[in-house]
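1. Curious how this folds, go ahead:
(chains A, B, C, D and E)
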Amino acid sequence: MLLDLLALALIAVGAFFFVAGTIGLLRFPDTLCRLHALTKADGLGLGLTCLGVALLAGTAGEVVRIVLIWFFVATSSAVCGHLIARHVRRAANAGGR
Amino acid sequence: MVEPLLLFDALLGLAIAALAVAVLTVHDRFAMIVLFIVFGLMSALAWVRLSAPDVALAEAAIGTGLTGALLLTTLHHIRAAPAAPVPVPGGVVVANLGLCALIFGGLAFAFLLTPLQAPGLAPAVAQNMAASGVGHPVTAVLLNFRAYDTLMEVVVLLAAIVAVWMVERGTVQAPAPVLGEIYRGFSRLALPAIVVIGSYLLWVGAQAPGGAFQGGAVLAAVGLLLLLGRLYRPQPAHRPFARAGFVLGTAVFAGVALLVAGGGRLPFEYPAAHAKTLILLIEGMVTISIAVTLAALFHGREPEAVPVSEKSE
Amino acid sequence: MTSGLIFGLTGIAVFAIGLFGALVMVEPLRRVLALKLCSVGAGFLLVVGAWREPPEAPDPVPHALVITGIVVMISATAVALALIRRLHMLERDTDD
Amino acid sequence: MITALSIILIVLLVSILGGLIRVLRGPEPAERMLAAQLFGTASVAMLLILSRVMAMPALLDVALVFALLAAVTLVCFVVLAAKEGR
Amino acid sequence: MTELPTIDWPTAVVFAPLAGAILAFAWPRRAAALGLASVLVTAGAVAALALQVLAEGAVLTRLGNWGAPLGIDLRADGLSTVLLAMTVGVGAFVSLGALDSYAPARADDRTRRYFWPLWLLLLTGLNGAFLSTDVFNLYVMLEVIALAAVGLTVLGGGRAAVRAGLDYMYASILGALLFLMGVGFVYLELGRLDFAGLIAAEPAPALTAALALMIAGLLLKTALFPLHFWLPGAHANATAPASALLSGLVVKVSLYVFLRLTQYMPLPDELLVTLIGALGAGAILWGGIQALRAERLKLLVAWSTVVQIGLIFVAFARAGQVGLAESWKAVALLILAHAVAKAGMFLAAGRIKDEVGHDRIADLDRSPIRPTLAQFTFALAAISLIGLPPSLGFAGKWVLMEGAMAAGYWHWVGVTMIGTLFSVAYFSRVLASFLRFDRMRSPVAEHQGWALADAAPLILALSALGLGLAAAPILAFMEIGYPFGATP
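-> The predicted structure is shown next:
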């Protein structure tokens, strides 16, 4: 029961980060700021959700898959964030000159 | 109080319809494709809610992921074209809007009058599952009960790649973009992981949602990453292998279907003792074909040797 | 009100929206997307036809049909997109 | 438990729909893609939660494929955008 | 003959061209030889199937031995078999014509390499559709046909061909998706997809919706006026053998499926039958006017396809709802007549274009080159399309008129007459230019030889003419297995 409540709390906080990320996406002034807000928010949000769902998981196989999902999303969003940031910076540089 | 899950469903349904409208109305073509990808993700979620994880997998992998990639490359190729060549007269729009509203009304009316409790073929499938050679009903339908349909679906894929290779002629290859060390490290890590995930999906298909199409689509993603990062460049000399890859699934599938016939058995009637092995064999080969074909569809044109005369120009 | 009902109506709406797009749109990519919307709408209807109120298991046959439909649709989409790219190239070359 | 998780699902869905405004408004393609990345991650989170709510562990595989394909589309976008840049 | 029962002929009819397609694609250098061989093997399989049908009645194959509705059945009755024979017969002669049209001197290596796999995939789809007894399977077959047909349309590679191919693609996919939505409604109501389920079904709103969607899709795919907009461009801009296949065979499949569905799921109202006949009448008038105005020979032939499709739908409606059970014979005869004659005509038009160098009708009589045999072939095919005795077209029109007169539907008789007059008018535009010599500026040169390539269209045109004499046995054969008389 306590575990359930803990899991629920983790998932709820994860959802809060997603909402925060969306608000950042809408309100922040420029692309790089939005990028910054977003990668933090969805990384944390998903991490907490994964943790919460893993606590509720029934079998070890499920936990393994959840860890895999988290790992994959984390690396790919980091790499894509990096690529997009590079692209934005280059576009800005090209426009500035 | 309304049950929260139903509220979720209703919101999701509304969002899907709104996204469909947005895809057609948004002015920017890039936004159109992004909205379409989101639309696909939301539809997959809806299918999950309808207890159809297999379909959601296929839609996410093929209908949204790979289709999205195809759309993005095409937009990249034709970005010089004007976004809206000819404005459509308002009268035509209004008339068609009325027509489609009428069609929606009629179909919705017919749908609402139909009870959703038709027995369907579920009992028949359940009854024959033991004889099918696999443990997952959707895989049993795809590769045994309605295997003929699935063979023809692979034939459609073959027809698509033949048509695409015929239509497109050697366009100029853009120079390879420099993606940097981080991307290279990522692909070194991600590509084997994706191969493992694809194979896992193929393997799990015998017992749980997954199978040849989803596995093939995930493996095709490997091809996409290789092509995008210029880690693999199609060469004219590779064409025979590519062709062999395209036809492999169809050939093995059709071959098995015919070879099991005889001795009182009909085409597609796998001998009970070997049903599982044969289905696995077909699925494996079909997966390879699907992966190769989807990646080739993404690449488009046939890799052709540039004639000497054109080279010098 | 059930999930089946909600998503059945959603599917029909998406199909009608796609049909409208296929009839009215002139821009090639958008017409392809409109057709894709139609196919998703048809997929919805089939999946709803398979749906049973949980915990009853759904009917696997329509699921298999929709998977087939998805693969068929990406094949058709790929051919249409190849035609669009080729046409663009031909028109660009003659314009120059 | 199920009710609470359902409410969280609704919150996530609404947050995605809110983010759509960024896609519609743009103006940078990168921002639209960024928004799509957020939706991809949020959909993965929704699938994870749904796998509990509907008691279907198979949804974890769906989530895995979602994550993977989101990454592929993103890479596709970045590469094509990079090509355009020169 | 002793090993006949061990081979399952319906399966062989579908798999033989598929095997050919795979081989021709995997081994492009031998594509023509492999392709032709597989067409001939398919023809052999169809002949064996026809013998079996003649001996035993309808042949049923339960693929996987599951049996419908769980599995998928193939069924060959008289009607299916006649259409299979038509397909493979026309296909074989078009293949022969293609050997010349795509010879190294005339076409590039690409065209030759891709024609055979695409055509064999098309043949796979066509044969599969004629044998299918399952609505979803029909959808998949329609898609196989659509993709292969679009590939054939753009085989020439010109801008007009690609644009027409794209329009064709949109229409084709949309038609297929309307059909698929109909399939969804069928499953929603019945929970099964086989024809037997449709026959046994009670009327229901979902089935009405399904029928409406499927019919809309099929009419779009078969290019009934006013949904014909994609056809003239696609058929006129393709290369000649491809046009022959598209016009002769591809539009017939959706007609055939339409015929099957409307017999198994009767149209709910007499008004709808009249409406479909009226659309057919519209096609005859509009197509006729456009054919009269066409400047190019192949475009004229393409518009004549629109007219002929209209005529076939008039034949469908000729005796109203009560007569539908008999109308299928007139429809089937006209389908057969048009397939054979139009394939021959397109090949002949292609020959004329190849020899003269263009196909502008107004300038045909200025040409110093007279491809006499091709012109003669064109005239023979025109006779069947106009419907003069003893052609197959005449037999079809005769059955049409007979039914319409018996039912007292004089308006359909009138429409048919008008259509005939139109055909005479627009074909005589072409034939007149063949005969006139006065506008020639240089002395008449010899025609370019009696090339072997003229043989294929000539045989097709002669068959269209001669088969009219065999109309009675063909009709009798079509009734084997009670295509619409009893539960399949």
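2. Does chain D have contacts with the lengthiest helix in chain A?
-> Using DSSP state H, we find that the single longest helix of chain A is helix A:60-96. Yes: using C-beta under 8 Å from any C-beta of the partner chain, a contact is recorded between helix A:60-96 and chain D, made by A:61-62, A:65-66, A:68-69, A:72-73, A:76-77, A:79-81, A:83-84, A:87-88, A:90-91, A:94. C-beta: built from backbone N, CA, C; applies to glycine.
3. In chain D, which residue sits nearest chain C?
-> Nearest to chain C, among the residues of chain D, is D:Met54, at 7.6 Å (C-beta to the nearest C-beta).
4. in the longest helix of chain A, what counts as buried?
-> With burial defined by 16 or more other C-beta atoms under 10 Å in any protein chain shown, the residues of helix A:60-96 counted as buried are A:62-63, A:65-66, A:68-70, A:72-77, A:79-88, A:91.
5. Equivalent analysis for stretch B:116-123, please.
-> Quick answer for stretch B:116-123 (16+ other C-beta under 10 Å): B:116, B:118, B:120-122.
6. one step back: what are the phi and psi values at the residue of chain D closest to chain C?
-> phi -90, psi 0 (degrees, to the nearest 10).
7. do you know how far it is from C:Pro58?
-> Applying C-beta to C-beta, to the nearest Å, the value for D:Met54 to C:Pro58 is 12 Å.
8. quick one: which of these two has more around it?
-> Regarding D:Met54 and C:Pro58, a neighbour count based on other C-beta atoms under 10 Å in any protein chain shown identifies C:Pro58 as having more, with 25 against 17.
9. Output the set of residues of chain C in proximity to chain A.
-> Within chain C, no position is near chain A by C-beta under 8 Å from any C-beta.
10. What residue in chain C comes nearest to chain A?
-> Closest residue of chain C to chain A, C-beta to the nearest C-beta: C:Pro55 (16.7 Å).
11. That residue belongs to a strand, doesn't it?
-> No: read with DSSP: H, G, I helix; E, B strand; the rest coil, C:Pro55 is coil and lies in no strand.
12. Just give me the neighbour total for it.
-> That count, for C:Pro55 with other C-beta under 10 Å as the rule, works out to 7.
13. Looks like B:Ser187 contacts B:Leu228 (just checking).
-> No: taking contacts as C-beta atoms under 8 Å, B:Ser187 lies outside contact range of B:Leu228: 9.3 Å.
14. rewinding a little: where is pLDDT lowest across the buried residues of stretch B:116-123?
-> pLDDT across the buried residues of stretch B:116-123 is lowest for B:Ala118, at 70.
15. ok, it - contacts?
-> C:49, E:187-191 (C-beta atoms under 8 Å, 6 or more residues apart in numbering or on different chains).
16. Among the residues you listed, name the ones in helices.
-> C:49, E:187-190.
17. Rebuild the residues you listed as a markdown table, extending it with pLDDT, distance to B:Phe241 and neighbour count.
-> Below are these laid out as a markdown table (pLDDT from 0 to 100; distance: C-beta to C-beta, whole Å; neighbours: other C-beta atoms under 10 Å in any protein chain shown):
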| residue | pLDDT | distance to B:Phe241 | neighbour count |
| --- | --- | --- | --- |
| C:Gly49 | 91 | 42 | 29 |
| E:Tyr187 | 93 | 40 | 28 |
| E:Leu188 | 92 | 45 | 27 |
| E:Glu189 | 91 | 48 | 24 |
| E:Leu190 | 90 | 46 | 24 |
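18. hmm, back to that, return the two entries of the buried residues of stretch B:116-123 that lie farthest from one another.
-> Greatest spatial distance among those (C-beta to C-beta): B:Leu116 and B:Leu121, at 15.2 Å.
19. Quick check: buried residues in the longest helix seen in chain C?
-> What stands out as the longest helix in chain C, according to DSSP H, is helix C:60-95. For helix C:60-95, the neighbour count (16+ other C-beta under 10 Å) marks C:60-91 as buried.
20. Of the contacts of B:Ala118, which is the nearest to E:Pro203?
-> The closest of these to E:Pro203 turns out to be E:Glu189 (C-beta to C-beta; 10.1 Å).
21. quick one on the thing from earlier: need the overlap of contacts for D:Met54 and C:Pro58.
-> B:Ser51.
22. picking up where we left off before, so which of the ones in helices among the contacts of B:Ala118 comes closest to chain D?
-> Comparing the ones in helices among the contacts of B:Ala118 against chain D with C-beta to the nearest C-beta places C:Gly49 closest, at 19.6 Å.
23. Contact residues of chain C facing chain E?
-> Residues of chain C lying near chain E by C-beta under 8 Å from any C-beta: C:15, C:18-19, C:22, C:28, C:31, C:35, C:38-39, C:41-42, C:45-46, C:48-49, C:59, C:61-62, C:65, C:68-69, C:72, C:75-76, C:79-80, C:83-84, C:86-87, C:90-91, C:94.
24. B:Ser51 in helix, strand or coil?
-> The three-state label given to B:Ser51 by three-state DSSP is coil.
25. That one and E:Leu267, how far apart?
-> 37 Å.
26. ok, those two, which is more surrounded?
-> The neighbour comparison of B:Ser51 against E:Leu267 (other C-beta under 10 Å) goes to B:Ser51, with 24 against 20.
27. Contact partners for the nearest residue to the more buried one once chain neighbours are set aside?
-> Among residues not flanking B:Ser51 along the chain, C:Pro58 sits closest, at 4.8 Å (C-beta to C-beta, 6 or more residues apart in numbering or on different chains). C:Pro58 is in contact with B:50-52, B:122, C:50-52, counting by C-beta under 8 Å, 6+ apart.
28. and the two most separated of the residues you listed?
-> B:Leu50 and B:Ala122 (14.3 Å).
29. Tell me which residue is most central in chain C.
-> Taking C-alpha atoms, centre = their mean, the centroid of chain C lies closest to C:Ser39, which sits 2.3 Å from it.
30. right, is the strand or helix carrying B:Ala58 up against chain D?
-> Using DSSP states H and E, B:Ala58 sits in helix B:53-58. Yes: counting by C-beta under 8 Å from any C-beta, chain D has neighbours in helix B:53-58: B:53, B:56-57.
31. now the helix or strand hosting A:Ala15: how far from the chain's centre is it?
-> A:Ala15 belongs to helix A:2-27 when assigned by DSSP H and E. Centroid separation for helix A:2-27 versus its chain: 10 Å, with C-alpha atoms, centre = their mean, to the nearest Å.
32. what's the answer for stretch B:81-98, then?
-> Chain-centre distance of stretch B:81-98: 30 Å, with C-alpha atoms, centre = their mean.
33. Any buried residues in it, and which?
-> Neighbour-count burial for stretch B:81-98, with 16+ other C-beta under 10 Å as criterion, is recorded at B:81, B:96.
34. Stretch B:17-29 too?
-> Buried residues in stretch B:17-29, counted by 16+ other C-beta under 10 Å: B:17-24, B:26, B:28-29.
35. Verify the stated contact: E:Leu299 with E:Ala234.
-> No: the pair E:Leu299 and E:Ala234 does not pass the contact test of C-beta under 8 Å, sitting 11.2 Å apart.
36. who has more neighbours, these two?
-> Neighbours were counted for E:Leu299 and for E:Ala234 using other C-beta under 10 Å; E:Ala234 has more, 30 against 21.
37. what's the helix or strand for the more buried one?
-> Using DSSP H and E, E:Ala234 sits in helix E:231-237.
38. tell me what that helix is packed against?
-> Under the contact criterion of 3 or more C-beta pairs under 8 Å, 6 or more residues apart in numbering or on different chains; DSSP states H and E, helix E:231-237 touches helix E:159-190, helix E:297-317.
39. hmm, who's touching that helix?
-> Here helix E:231-237 makes contact (C-beta under 8 Å, 6+ apart) with E:153, E:156, E:158, E:160-161, E:163-165, E:167-168, E:223, E:243, E:246-247, E:251, E:290, E:296, E:298-299, E:301-303, E:305-306, E:346.
40. change it to 7 Å
-> E:153, E:156, E:158, E:160-161, E:164-165, E:167-168, E:223, E:243, E:246-247, E:296, E:298-299, E:302-303, E:305-306 (C-beta atoms under 7 Å, 6 or more residues apart in numbering or on different chains).
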